[in-house]
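Undergrad: have a look at this fold, sequence not included:
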């Protein structure tokens, strides 16, 4: 029986069987205590055995990490738990010797990255990945309950928003002997797809096609970037949530972003109480307060121009000078959220620093784009109202050197029943960093893929 069900439904005097692993083992001459877990619950169960157990000597030899099956009776506990398990039988299923790296002591996160296949057995990573699981469920629950269709966009693509220099190339050609054509360029005719192909960096373009049929869709899956960055918030493989909504303008998009984020955080606070408590005690002392505050906040909405006005008025010597034509830096994001003491939507960005598919505003200088900045984390989501006018989109693409022939199908969406529509993207790992207080993206992905690291 799963430990989580035992803790929820069983009472003192019940006979139960548990299957799991030894987290700690304290031996005495006449008896012993096993700190038992099975992964279904963040809480553990204390197992007590003594000389009356037929295999007492064998139990005493069982080490941390061993897999065991235990039969016994739930009895009143003399410790902090409501009850403990008085073992009638302890069966060793999987041995574990003294070389087991995950001993009952504090380990650095750097060390645990070196044993990524074993680190989910620690309390820290049990908490992190339980929160990741809860957040994933909450995302699906929010969109499904609001009539969105979940769309699986392709991982292999010949067109993408990010540009070829940001995308991994895919080929079946012999890299040791690549055929070239008369112009000296790679001859892709012999390749599997017959043309240059990439691993996707976003599901947006394909998502828009389905939004024009189902009104509201979302994607939730892996994306890939070739960015050679070793910061705490970048990885080459990560997950993205990307909704696309027809008949939705920028104001409506911000309403959805705020409602969705509050829904996810509320769900995690309610259903991950033990995990949040642990992370609040051992990772970030302000985590629970931060999350509860977000749920109860009114998100602020300002334009990029207003944000720069605010930064210029601040009595601070900036490392990066605020500029009306430029992006804002991490230090600026931090100041803005602290100034308003709330999450902040920044809208109407300079068009020259934003993507070609975003809707141009009437001023001819900005686009209907929005970034959501949250206290303690900075940018969490980025989105825009998409340009629905075919002629305007063609002109914008030409000005930025986008080859529209490669995405003629995407351009068709503006020719056949187009409507105003919007969408945003949220990096799932950025969200998990925010929900757990764990600062490094390498510690919220089961097996992280970062520059120079593709282990396991």
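TA: Great, that's in hand. Computed from a predicted structure; not experimentally measured.

Undergrad: what residue of this protein is the furthest out?
TA: Going by Cα atoms, centre = their mean, the residue of the chain most distant from its centre is residue 52, 48.9 Å out.

Undergrad: name the helix or strand for that one, please.
TA: For residue 52, there is no host helix or strand (DSSP states H and E).

Undergrad: and residue 91, by the same measure?
TA: Using DSSP H and E, residue 91 sits within strand 83-94.

Undergrad: so which bits of that strand are buried?
TA: Burial within strand 83-94, assessed by neighbour count using 16 or more other Cβ atoms under 10 Å, is assigned to 83, 84, 85, 86, 87, 90, 92. Where you see a C-beta, it was placed from the backbone N, CA and C, and this is true even at glycine.

Undergrad: swap in stretch 275-292?
TA: Buried positions in stretch 275-292, judged by neighbour count with 16+ other Cβ under 10 Å: 275, 276, 278, 279, 280, 283, 284, 287, 288, 290, 291.

Undergrad: take the residues you listed and keep only those in helices.
TA: Among the buried residues of stretch 275-292, the subset assigned to helices under DSSP state H consists of 275, 276, 278, 279, 280, 287, 288, 290, 291.

Undergrad: check the third one and give its pLDDT.
TA: Spelled out, that is residue 278. We have a pLDDT of 97 for residue 278.

Undergrad: from residue 203, how far off is it?
TA: Here residue 278 is placed at a distance of 34 Å from residue 203 (Cβ to Cβ, to the nearest Å).

Undergrad: pLDDT weak spots in the stretch 101-250 of the chain?
TA: Residue ranges of the stretch 101-250 of the chain with pLDDT under 70: 160-164.

Undergrad: that one: strands as residue ranges?
TA: Taking DSSP state E, counting those that start in this stretch as the test, the strands found in the stretch 101-250 of the chain are 149-150, 156-157, 168-170, 197-199, 216-224, 237-246.

Undergrad: what's the nearest residue to residue 207 if we skip its chain neighbours?
TA: residue 244 (4.3 Å; Cβ to Cβ, 6 or more residues apart in numbering).

Undergrad: shouldn't the one you found be in contact with residue 210?
TA: Yes - applying Cβ atoms under 8 Å, one finds residue 244 in contact with residue 210, separated by 7.4 Å.

Undergrad: could you check which of the two has the larger neighbour count?
TA: residue 244 (30 against 21; other Cβ atoms under 10 Å).

Undergrad: the more buried one and residue 218: what is the separation?
TA: For residue 244, the distance to residue 218 equals 7 Å [Cβ to Cβ].

Undergrad: so what sits against both of the two?
TA: Here residue 244 and residue 218 have residue 207 as joint contacts, going by Cβ atoms under 8 Å, 6 or more residues apart in numbering.

Undergrad: hang on, the earlier thing: switch the buried residues of stretch 275-292 over to TSV; also include distance to residue 332.
TA: TSV is the format used below for the buried residues of stretch 275-292 (distance: Cβ to Cβ, whole Å):
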residue	distance to residue 332
275	32
276	29
278	33
279	28
280	28
283	26
284	23
287	24
288	27
290	20
291	24
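
Undergrad: residues contacting residue 297?
TA: Counting by Cβ under 8 Å, 6+ apart, residue 297 has contacts 342, 343.

Undergrad: from residue 219, how far out is it?
TA: Taking Cβ to Cβ, one finds residue 297 at 27 Å from residue 219.

Undergrad: what does residue 249 give?
TA: Counting by Cβ to Cβ, the gap from residue 249 to residue 219 is 21 Å.

Undergrad: looking at those two, which has the bigger crowd around it?
TA: residue 219 (24 against 14).

Undergrad: how about the more buried one, nearest residue that isn't a chain neighbour?
TA: residue 203 (3.8 Å).

Undergrad: do residue 303 as well
TA: residue 348 is the one closest to residue 303 (Cβ to Cβ, 6+ apart), at 4.5 Å.

Undergrad: pretty sure the one you found contacts residue 307?
TA: No - counting by Cβ under 8 Å, residue 348 stays clear of residue 307, with 9.9 Å between them.

Undergrad: higher neighbour count, these two?
TA: Shown here are residue 348 and residue 307; by other Cβ under 10 Å, residue 307 has more neighbours (25 against 20).

Undergrad: which ones are touching the more buried one?
TA: Contacts of residue 307 by Cβ under 8 Å, 6+ apart are 322, 328, 332, 336, 344, 346.

Undergrad: looking at those, which are in strands?
TA: Mapping those onto strands (DSSP state E) picks out 344, 346.

Undergrad: and the helix or strand harbouring residue 423, which strands flank it?
TA: Using DSSP H and E, residue 423 falls within strand 421-427. Neighbouring strands of strand 421-427 in its sheet, by DSSP bridges, are strand 237-246 (antiparallel), strand 378-386 (antiparallel).

Undergrad: how far does the helix or strand that comes right after it sit from the chain's center?
TA: Using DSSP H and E, the helix or strand that follows strand 421-427 in sequence is helix 428-436. Here helix 428-436 shows a centroid-to-chain-centroid distance of 5 Å under the convention Cα atoms, centre = their mean, to the nearest Å.

Undergrad: avg pLDDT for helix 428-436?
TA: In this model, helix 428-436 has a mean pLDDT of 97.

Undergrad: the inter-axis angle of it versus strand 378-386?
TA: 140 degrees (axes from the mean of the first three to the mean of the last three Cα atoms, to 10 degrees).

Undergrad: what angle do strand 216-224 and helix 428-436 make with each other?
TA: Put simply, helix 428-436 runs at 100 degrees to strand 216-224, going by the same axes, to 10 degrees.

Undergrad: check which helices and strands helix 428-436 sits against.
TA: Packing contacts for helix 428-436, counted by 3 or more Cβ pairs under 8 Å, 6 or more residues apart in numbering; DSSP states H and E, involve helix 123-145, strand 237-246, helix 250-271, strand 378-386.

Undergrad: which one, of these, ends up nearest to residue 316?
TA: strand 378-386 (16.6 Å; Cβ to Cβ).

Undergrad: now do that closest one, average pLDDT.
TA: 96.

Undergrad: what's the following helix or strand after that strand?
TA: The helix or strand immediately downstream of strand 378-386 is helix 390-399, counting by DSSP H and E.

Undergrad: name the residues of that next one that are buried.
TA: 393, 396, 397.

Undergrad: tally of neighbours for residue 185?
TA: 8.

Undergrad: and what of residue 239?
TA: Neighbourhood size, residue 239 [other Cβ under 10 Å]: 21.

Undergrad: tally up the residues packed near the nearest residue to it once chain neighbours are set aside, please.
TA: For residue 239, ignoring the flanking residues on the chain, the nearest one in space by Cβ to Cβ, 6+ apart is residue 428 at 3.8 Å. Counted by other Cβ under 10 Å, the residues lying close to residue 428 total 21.

Undergrad: now do the one 10 residues further on
TA: In terms of burial, residue 438 registers 23 neighbours under the definition other Cβ under 10 Å.

Undergrad: list the residues that contact it.
TA: 109, 124, 128, 279, 283, 432, 444.

Undergrad: separate out the buried members of the residues you listed.
TA: Among the contacts of residue 438, those buried by neighbour count (16+ other Cβ under 10 Å) are 109, 124, 128, 279, 283, 432, 444.
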